[in-house]
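Undergrad: let me see the structure of the following:
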Amino acid sequence: MKTLVVCSGGLDSVTLAYKVAHEHTLSTLISFDYGQRHKKELNHAKICADALNVPHSIIDISNVGAQLSGSALTDNIDVPDGHYAETSMKATVVPNRNAIMLTIAYGIASAQNLNAVATAVHGGDHFIYPDCRPAFIKSFETMQNHALNGLSNIKLYTPFLETDKTEIAREAARLNVPIEKTWSCYKGEDIHCGRCGTCVERIEACHLANIDDPTQYKDPDFWQSAVEKTKAGAA
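TA: Here you go, the predicted structure:
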């Protein structure tokens, strides 16, 4: 199955790239410059592509991203600290981002005669991001089957859709993914902040998976209080 992977450079999508390279045929990685607050993740996607010896393209949709205002990832809005299960994390939603990116990815996959587009959406994203949920994924694949009817037959490969970040961390360990060469942090400082939702989720997942995470974090212990706060709120 010749596959294009949408790769942000984060732990999830880099693990997916390694999984595809191990189990199928990894044809190319694509990343998107959508005007996000930093570009460090794109550099890490390139590191992944180089390690797996496949082409990497950065698709510039920053003009589109500039119109998707109101998100902490594209506007001058503070990135919230805490656990992903907190309502404040909805500030990181970029409306329709996955739908836009996947549409472009499908067009590229069709032009290159590929069999699949892979994206690393997972169960931990469902609470906040509507375009990471199973209903969206199923509907999007159906829509693309109609859009490319008679031209291409492309599968939307989402092996993490029903799993959580802990399972992705275990998969990363199984595939010998260099975790320290992935970038998750939303803040884009010299090292991972350890406090934003994606840092907290990443540290917690590696802890629960009982795997080593050599990534440097500015605040490596904050995640514990963030998790406890979420548990207390759910009680």
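Undergrad: just checking, what packs against the lengthiest strand in the chain?
TA: Scanning the chain for the strand with the most residues, using DSSP state E, yields strand 25-33. Counting contacts by 3 or more C-beta pairs under 8 Å, 6 or more residues apart in numbering; DSSP states H and E, strand 25-33 packs against strand 2-6, helix 11-23, helix 40-52, strand 56-60, helix 97-111. For the C-beta atoms, the positions are set from N, CA and C on the backbone; glycine is no exception.
Undergrad: dihedrals phi and psi, Ile81?
TA: Just so we're on the same page, residue 81 is Asp rather than Ile. With angles defined as degrees, to the nearest 10, Asp81 sits at phi -90, psi 150.
Undergrad: which ones are touching the residue lying closest to it once chain neighbours are set aside?
TA: Leaving out its chain neighbours, the residue that sits closest to Asp81 by C-beta to C-beta, 6 or more residues apart in numbering is Arg195, at 4.1 Å. Contact analysis of Arg195 by C-beta atoms under 8 Å, 6 or more residues apart in numbering lists Asp81, Gly82, Lys218, Asp219, Phe222, Ala226.
Undergrad: wouldn't the first one be in contact with Ser225 here?
TA: No. Counting by C-beta atoms under 8 Å, Asp81 sits too far from Ser225 to count as a contact (10.1 Å).
Undergrad: looking at the two, which is more packed in?
TA: Asp81 (19 against 12; other C-beta atoms under 10 Å).
Undergrad: off-centre distance for the helix or strand of the chain with the lowest mean pLDDT?
TA: Across the helices and strands of the chain, mean pLDDT, DSSP states H and E gives its lowest value to helix 222-234, namely a mean of 84. Distance of helix 222-234 from the chain centroid (C-alpha atoms, centre = their mean, to the nearest Å) equals 23 Å.
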